[in-house]
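**Student:** Generate coordinates for the sequence data below:
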Amino acid sequence: MRFWRKRSEVEAFTDWRRKSARLCDGEFLHGELQIEIREARNLPDTDNFLFNIKRCLGQEKDVTDPYVAVLLDSTKIITTSVIYNNLFPQWNELFRVSVCHHAKKIIFRVKDQDELGSENLGEVVISIKEQLLTPTKRVQGWQKIVDDNGSVQGELNINLVYLPYLEDNSSCNDMACSQCYFPLRPGNQVTLYSCARNVDDTIEIPTGTPSGPRVLHYTPPSLWIDLFKSLIQSKRFIYVMGWSIYTRIHLLRNDDHKHLNTPDELKMANATLGELLKQKAEEGVRVLLMIWGETTSIMGTHDSETENYFKGSRVFVARVARQTKTKEYKDLDAHFTANLGYSHHQKAVIVDVPVLARDSSHPNEMVSRIIAFTGGIDITDGRYDTPEHPLFSSLRTTHQKDFYQPCEPTARPNSGPRMPWHDIHVKVEGPAARDIMVNFVERWGKEQSMNTRLLIQNVEAPSFDLSPRGATSGSSCFSAQVFRSITSDSARFQLENETTFTTKKGRSVDNSIARAYIAAIRKAKKFIYIENQYFMGSAYGWLDYQDVHCYNVIPMEITQKICESIQNRRRFVAYVVIPMHPEGMPGDTAIQEMLFWQRNTMHMMYSRIAQALHRYDVKGHPTEYLMFFCLGKRETPDAIPAHVEPPWFWTQAAKLFKSRRFMIYVHSKLMVIDDSYLITGSANINQRSLDGDRDSELAVGLFQPAHVTSTQSEQCPQGEIFKFRMALFREHLHCMDPTFVVPHSEKCVAKVQELALRNWDDYVSLDGQPAGHLLAYPIDVSVTLDEDIPVVNLIAKTKRRTFPDTNAKILGNPARSIPNKLTT
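**Tutor:** Numbering: from 1, shown residues only. Modelled structure (predicted):
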């Protein structure tokens with residue numbers, strides 16, 4: 001360390017230390033806050049004549065329009081609805097808030113909403129240490145509302161309960177997320193998919209066990225082949241919902257027809273998706289499509305085209321915009337933001353297929369079984385891909401009519417490169433499939449209330465086989481639970497289940513996806529493996545920009561899990577695979593801001609891990625516990641067909657053609673816990689997906705009761721989730737190393753990092769050829785000790801601090817012109 005420093009360096013370090021200390025100031029809350037805001041009384045009338053529009057117009061007397069905002073120190077966590085014209089308002093709103101925060105106090109801020117803004121009436125301040133962290137963990141009853149001058153401005157009736165999380169060191173047999181709309185359903189058959197079309201080979205997976213089989217065999221299934229077969233088999237209904245549905249795509253390509261068996265399958269093998277759905281509707285199958293009605297028509301979702309294609313046919317299309325119903329003047333901006341900026345992001349296909357009845361009283365009778373496909377893959381252009389993820393080699397074959405490249409407008413179908421697409425999907429058969437269908441029915445019932453007669457009625461036994469698939473305790477059987485992000489604006493909920501919801505501004509909110517992620521992370525014992533399109537959150541823990549609307553606790557929960565493991569001298573690691581950059585032109589303002597939020601999230605996590613290593617005197621680097629990766633592909637010169645036309649030399653596409661490289665877009669929404677539990681669906685790790693009232697989302701959590709982990713065993717279970725995760729490692733790294741069996745081990749971490757860094761070096765070099773697709777994310781993490789305090793810096797790997805073949809900054813930049821609710 002130098003004995004002297006510049007004044008600017010001293011001031012910067014002092015400011016950094018002050019901010020860091022503030023973030024860990026106060027008591028640590030880890031669990032759930034249940035906040036019931038009941039009513040208020042004797043509020044002051046603050047609507048004076050001068051600024052009251054109604055009074056100025058001589059209309060009815062207008063008094064205070066109160067609402068309540070609740071904050072953990074300076075972080076706002078909930079807001080009630082506005083009660084108009086009332087000095088004795090009754091809200092009776094219940095909120096459930098997951099917390100992983102340091103805070104000194106909980107503030108109930110009572111405000112008056114007017115047309116020109118809002119005014120503070122006063123606050124109820126609850127000391128966390130003195131009032132909440134008591135044996136009862138509860139504060140309830142009437143509390144005085146006090147303004148800035150110390151005067152009482154009425155009273156607020158609340159019920160505040162803190163439920164701390166208590167770690168369970170037993171096995172993970174109970175992986176259910178409690179108090180959710182859909183309960184855990186045992187007895188399901190589950191098929192996990194990577195990519196729309198996987199390889200036909202059988203993979204040998206090492207087990208690493210001295211006794212028992214040394215190798216497991218796994219044949220990856222192919223999503224769009226299975227989906228095609230299920231659509232052909234359907235007899236009564238086909239329900240489809242998605243962010244985008246494109247009628248011109250082909251589910252089957254190249255030699256996919258060799259997997260077909262029946263005459264009906266062979267007859268429709270060359271049909272487009274639109275032709276297939278029309279044909280099934282003509283056969284008498286009820287075909288209902290529910291697609292996001294994109295208001296701006298700039299996202300390329302084909303919503304209007306799809307709607308027009310099916311006009312005059314027996315296929316019914318509901319084109320649904322993401323809207324919020326509001327009665328509040330202050331929420332008009334939120335209404336327009338939702339309509340223009342948020343989406344219906346759920347993806348599912350639900351069909352019935354005929355099977356023999358298992359009821360002994362009807363041994364030869366055919367009944368219907370419900371099958372549901374859900375995950376991250378829309379049935380639209382650009383999604384058909386294989387684990388090889390070609391850039392140029394498939395331009396005149398597989399992707400000749402399906403060229404997709406949203407990141408570089410000068411790239412053309414005859415010159416490339418296309419943008420490869422990596423994604424995860426799942427097929428569910430059994431009780432949980434019916435829950436996925438119920439979600440569709442509830443959404444259709446809300447958005448198409450005049451057309452509910454189109455829904456198939458009486459989906460019950462005996463005409464439907466709703467019983468668990470096989471023995472619920474069988475080794476291949478899955479327990480499954482369906483989760484959502486959605487509000488009462490977009491779904492007609494069953495009243496008896498609404499007690500599981502939280503509320504926001506008077507609306508019922510199902511945010512069970514966020515709660516499922518949190519519950520799973522808290523139960524993790526050894527490792528977390530994540531693939532996601534975005535990774536941002538826990539802004540309240542950032543050094544700066546803490547007021548950004550990106551407060552989901554998932555990054556903080558992962559960090560807390562790692563720090564606790566460091567404290568307890570226990571191995572725990574997290575792998576996170578994300579795209580090199582979000583979809584679109586990487587230099588665009590919105591994408592640069594997303595990268596900036598991602599950078600802040602990473603910095604927060606690495607800083608806290610570095611502090612834990614230093615505090616508990618554990619040797620190591622934060623990147624040995626938390627690792628970020630991306631996927632990329634470079635094709636050999638021989639892989640580019642001779643008939644592919646080079647782009648014009650001055651275009652950006654020419655640079656890509658010369659380098660023969662491009663990122664593989666990670667669109668997955670996957671989390672694996674200890675090879676025991678898996679959650680996948682449509683939800684990203686950002687606020688839009690997890691908030692509950694922004695984008696609508698759908699996910700499913702899965703585990704096999706016969707294959708769960710415990711702290712007593714060093715090795716994780718080796719069921720279907722283990723085989724799927726190992727197949728993903730093989731797909732990304734193009735090898736099957738024995739160390740992959742124990743992903744939380746130091747050997748596995750070192751091996752994966754070695755391979756990923758080597759792949760990155762080969763990816764960015766002029767003549768390198770990466771052995772695999774998994775690349776070290778292009779950010780280096782440096783840790784230095786300054787006055788015995790670990791200081792973390794994130795540095796872009798490349799010399800120009802930009803992504804290869806672009807001028808876009810790896811670390812991103814904040815934007816000034818875009819509401820951050822749209823980029824978080």
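**Student:** Just give me the neighbour total for the closest residue to Asp693 other than its chain neighbours.
**Tutor:** In space, and not counting its chain neighbours, Asp693 is closest to Thr487: 4.7 Å by C-beta to C-beta, 6 or more residues apart in numbering. C-betas here are computed from N, CA, C, even on glycine. When counting by other C-beta atoms under 10 Å, one arrives at 27 neighbours for Thr487.
**Student:** ok, Thr487 to Asn820 distance?
**Tutor:** Thr487 sits at a distance of 21 Å from Asn820 (criterion: C-beta to C-beta, to the nearest Å).
**Student:** Phe228 too?
**Tutor:** To Asn820, Phe228 is 41 Å away according to C-beta to C-beta.
**Student:** of the two, who's got more company?
**Tutor:** Neighbour comparison, Phe228 and Asn820: the larger count goes to Phe228, with 23 against 19 (by other C-beta under 10 Å).
**Student:** Now that one: closest residue in space, sequence neighbours ignored.
**Tutor:** Leaving out its chain neighbours, Phe228 is closest to Leu251 (C-beta to C-beta, 6+ apart), at 4.5 Å.
**Student:** pretty sure that neighbour is in a strand, no?
**Tutor:** No - assignment of Leu251 by DSSP: H, G, I helix; E, B strand; the rest coil gives coil, placing it outside any strand.
**Student:** burial of it, as a residue count?
**Tutor:** Residues near Leu251, counting by other C-beta under 10 Å, number 23.
**Student:** What of Glu460?
**Tutor:** For Glu460, using other C-beta under 10 Å, the count is 9.
**Student:** In terms of helix, strand or coil, where does it fall?
**Tutor:** Glu460 is classified as coil under three-state DSSP.
**Student:** From Ser74, how far out is it?
**Tutor:** 52 Å.
**Student:** which residues does the residue nearest to Asp693 bridge with?
**Tutor:** The partner list for Thr487 in beta bridges (DSSP bridges) reads Val509.
**Student:** which ones are touching it?
**Tutor:** The contact partners of Thr487, by C-beta atoms under 8 Å, 6 or more residues apart in numbering, come to Thr324, Lys504, Arg507, Ser508, Val509, Asp510, Gly692, Asp693.
**Student:** re earlier: OK, contacts around the residue nearest to Phe228?
**Tutor:** Trp224, Ile225, Leu227, Phe228, Leu273, Leu276, Ile379.
**Student:** quick one: which of the residues you listed is most hemmed in?
**Tutor:** Trp224 (25 neighbours).
**Student:** In a helix, it, correct?
**Tutor:** Yes - the assignment for Trp224 by three-state DSSP puts it in a helix.
**Student:** Now do the strands in the stretch 701-824 of the chain.
**Tutor:** With strands called from DSSP state E, counting those that start in this stretch, the stretch 701-824 of the chain shows them at 774-776, 779-786, 789-796.
**Student:** oh, I was asking about the stretch 51-200 of the chain
**Tutor:** Along the stretch 51-200 of the chain, the segments classed as strands by DSSP E, counting those that start in this stretch run 66-72, 75-79, 90-103, 105-114, 117-127, 138-146, 152-164, 185-194.
**Student:** Let me have those strands in CSV, extended by mean neighbour count and mean pLDDT.
**Tutor:** Formatted as CSV, the strands of the stretch 51-200 of the chain follow (neighbours: other C-beta atoms under 10 Å; pLDDT from 0 to 100):
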stretch, mean neighbour count, mean pLDDT
strand 66-72, 22, 96
strand 75-79, 18, 93
strand 90-103, 20, 95
strand 105-114, 21, 94
strand 117-127, 17, 93
strand 138-146, 16, 97
strand 152-164, 18, 97
strand 185-194, 22, 97
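**Student:** Dump these into CSV; add distance to Ala348 as well.
**Tutor:** Output for the strands of the stretch 51-200 of the chain, formatted as CSV (distance: least, C-beta to C-beta, whole Å):
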stretch, distance to Ala348
strand 66-72, 34
strand 75-79, 30
strand 90-103, 26
strand 105-114, 38
strand 117-127, 40
strand 138-146, 40
strand 152-164, 32
strand 185-194, 14
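**Student:** Show the model's pLDDT score for the residue nearest the centre of the chain.
**Tutor:** Central residue of the chain (C-alpha atoms, centre = their mean): Asn684, 2.2 Å from the mean position. If you check Asn684, the pLDDT there is 98.
**Student:** ok, now how distant is it from Lys669?
**Tutor:** From Asn684 to Lys669 the distance is 6 Å (C-beta to C-beta).
**Student:** Equivalent analysis for Ala40, please.
**Tutor:** Applying C-beta to C-beta, the value for Ala40 to Lys669 is 41 Å.
**Student:** which of the residues in stretch 506-525 are buried?
**Tutor:** Neighbour-count burial for stretch 506-525 flags 506-525 (criterion: 16 or more other C-beta atoms under 10 Å).
**Student:** right, I mislabeled it, should have said stretch 446-464
**Tutor:** Those would be Lys446, Glu447, Gln448, Leu455, Ile456, Val459, Phe464, for stretch 446-464 by 16+ other C-beta under 10 Å.
**Student:** All the helices of the stretch 301-450 of the chain, residue numbers only.
**Tutor:** With DSSP state H, counting those that start in this stretch as the criterion, the stretch 301-450 of the chain has helices at 303-309, 332-341, 431-447.
**Student:** want to try CSV for those helices, with mean pLDDT as columns?
**Tutor:** Putting those into CSV (pLDDT from 0 to 100) gives the following:
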stretch, mean pLDDT
helix 303-309, 95
helix 332-341, 57
helix 431-447, 95
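**Student:** Indicate which one of those is closest to Ser118.
**Tutor:** Among the helices of the stretch 301-450 of the chain, helix 332-341 comes nearest to Ser118, with 13.2 Å by C-beta to C-beta.
**Student:** Please identify the helix or strand for Glu265.
**Tutor:** Under the criterion of DSSP states H and E, Glu265 resides in helix 263-267.
**Student:** What is the very next helix or strand once past that helix packed up against?
**Tutor:** Counting by DSSP H and E, the next helix or strand C-terminal to helix 263-267 is helix 273-282. Applying 3 or more C-beta pairs under 8 Å, 6 or more residues apart in numbering; DSSP states H and E, we find helix 273-282 packed against helix 223-233, strand 237-242, strand 286-292.
**Student:** Sounds good, over and out.
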